[in-house]
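A.B. asks: build me a structure from this.
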Amino acid sequence: MLASRTPRLRTQFLTVLVATLVLVFATHAQAQDKVLKIGTLKLIHGISAYFYEKFVPPGYTVEVIPFESPTDGKNAVLTGTVDACIHGIAAFILGAAAGEPVMIVASANNGGMAIMAGANTDIKAIKDLKGKKVAIWPGSTQEAIILERLRMEGMTIKDIQPIRLSFSDMAGALARGDVDAYVGAEPAGGISLANGTGKLVEYPYSTPIGPLNMIVSASQKAVKENPERIKLIVDMHRKAVEYAMANRSLIVDMAVAKLGQQKKSVELAVPNVELVWKVDDVFMQRANAYARLMFENKQIRQEIDLSKFVTTQFQQ
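C.D. replies: Residues are numbered from 1 along each chain as shown. Below you'll find the model as predicted:
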């Protein structure tokens, strides 16, 4: 009698076990679905992501994942590591031109760039960079900008010695004398000014691109299959940007806390940063100018119709 019941008990046990595991995994998946994963760069002009938690929808939480490189942030969107990411528009255009399924869902930042030179150098203008060692992060918005500024001065990249360097290493390299100048991102400029090792050559906003710098991207798959989730994120972004810009001292406090920089450095950097969210006609004009310049500078192989990679459906 016992032997005949054993298979039946085993079957019942396995049925209960499978049901339990299904429930556990379903509960875990549901919990993960309530976590909005947002990527951003380790820069002041990506700081708005850290204000999202003040405006997170009920039942959701926000996880901010920082990246060193704009390309890393864009790739995280494509792989689904994050739901959306704040990063430079140059990395986005590079991806779009290569046929990657990425979309701009909001603007994120104007400004935040600075061309800095060593305090003891004779560099006062772009023309003075000739023959000098200049730190540049390849694939960045700053790379596109310096190529255009050089062209405007009758120069090319061959007239300088470009040094590949990440944004976070630029201020230190300038202080040590490893480079003569850099085309950087805040808070690097603020750091160099605060510690007296650097001087401002210019804020490079005189090109057709203007101060356009960073955007919020999401994958085309997420935009198509889960627009409600992306709408939640864009709404948070808008509220966070408006709140931070209305309380600029809090941008300083947040940057000190999240980026680990000295307050004096951040205070010098913040005036060079405008957090934004709108995708409007001005944004599109600048973005299209960006794409054209990247094509002319042979950073991308073919011109792209940027309107196919930008959506305004979440701007309402």
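A.B. asks: from now on I want contacts and neighbour counts done on CA atoms only, so please keep to that.
C.D. replies: Noted.
A.B. asks: only the buried residues of stretch 234-243, if you could.
C.D. replies: Applying a neighbour-count criterion of 16 or more other Cα atoms under 10 Å, one finds 234-241, 243 buried in stretch 234-243.
A.B. asks: adding secondary structure, distance to Val279 and pLDDT, write the residues you listed out as TSV.
C.D. replies: Formatted as TSV, these follow (DSSP: H, G, I helix; E, B strand; the rest coil; distance: Cα to Cα, whole Å; pLDDT from 0 to 100):
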residue	secondary structure	distance to Val279	pLDDT
Val234	helix	11	98
Asp235	helix	13	97
Met236	helix	15	97
His237	helix	13	98
Arg238	helix	11	98
Lys239	helix	15	98
Ala240	helix	16	98
Val241	helix	14	98
Tyr243	helix	18	98
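A.B. asks: switch these over to TSV; also include distance to Val64.
C.D. replies: Formatted as TSV, the buried residues of stretch 234-243 follow (distance: Cα to Cα, whole Å):
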residue	distance to Val64
Val234	15
Asp235	16
Met236	13
His237	12
Arg238	16
Lys239	16
Ala240	14
Val241	15
Tyr243	18
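A.B. asks: closest to Thr311 among those?
C.D. replies: Val234 (11.5 Å; Cα to Cα).
A.B. asks: residues in contact with the closest one?
C.D. replies: In this structure, Val234 makes contact with 105-106, 314-315, judged by Cα atoms under 8 Å, 6 or more residues apart in numbering.
A.B. asks: select only the buried ones of those in PyMOL?
C.D. replies: The PyMOL command for the buried members of the contacts of Val234 (criterion: 16+ other Cα under 10 Å) is given here:
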select buried, resi 105+106+314
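A.B. asks: in a markdown table, list the contacts of Val234 along with pLDDT, secondary structure and distance to Thr197.
C.D. replies: Output for these, formatted as a markdown table (pLDDT from 0 to 100; DSSP: H, G, I helix; E, B strand; the rest coil; distance: Cα to Cα, whole Å):
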| residue | pLDDT | secondary structure | distance to Thr197 |
| --- | --- | --- | --- |
| Val105 | 98 | strand | 38 |
| Ala106 | 98 | strand | 36 |
| Phe314 | 95 | coil | 43 |
| Gln315 | 87 | coil | 42 |
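A.B. asks: let's have the contacts of Val234 in JSON lines, adding distance to Ile123.
C.D. replies: Shown next, in JSON lines, are those (distance: Cα to Cα, whole Å):
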{"residue": "Val105", "distance to Ile123": "39"}
{"residue": "Ala106", "distance to Ile123": "37"}
{"residue": "Phe314", "distance to Ile123": "45"}
{"residue": "Gln315", "distance to Ile123": "43"}
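A.B. asks: tell me how far the nearest residue to Arg248 once chain neighbours are set aside lies from Thr61.
C.D. replies: Among residues not flanking Arg248 along the chain, Val270 sits closest, at 7.9 Å (Cα to Cα, 6 or more residues apart in numbering). According to Cα to Cα, to the nearest Å, Val270 and Thr61 sit 27 Å apart.
A.B. asks: more neighbours: which of those two?
C.D. replies: Val270 (21 against 17; other Cα atoms under 10 Å).
A.B. asks: next helix or strand past the one helix or strand Val266 maps to?
C.D. replies: For Val266, the element it lies in under DSSP states H and E is helix 263-269. Using DSSP H and E, the helix or strand that follows helix 263-269 in sequence is strand 273-275.
A.B. asks: direction included, what does that next one pair up with?
C.D. replies: Applying DSSP bridges, strand 273-275 is found paired with strand 102-111 (antiparallel).
A.B. asks: quick check: bridge partners of the residue nearest to the spatial centre of the chain?
C.D. replies: In the chain, the centroid-proximal residue (Cα atoms, centre = their mean) is His87; its distance is 1.6 Å. As for beta bridges, His87 partners with Ile215 under DSSP bridges.
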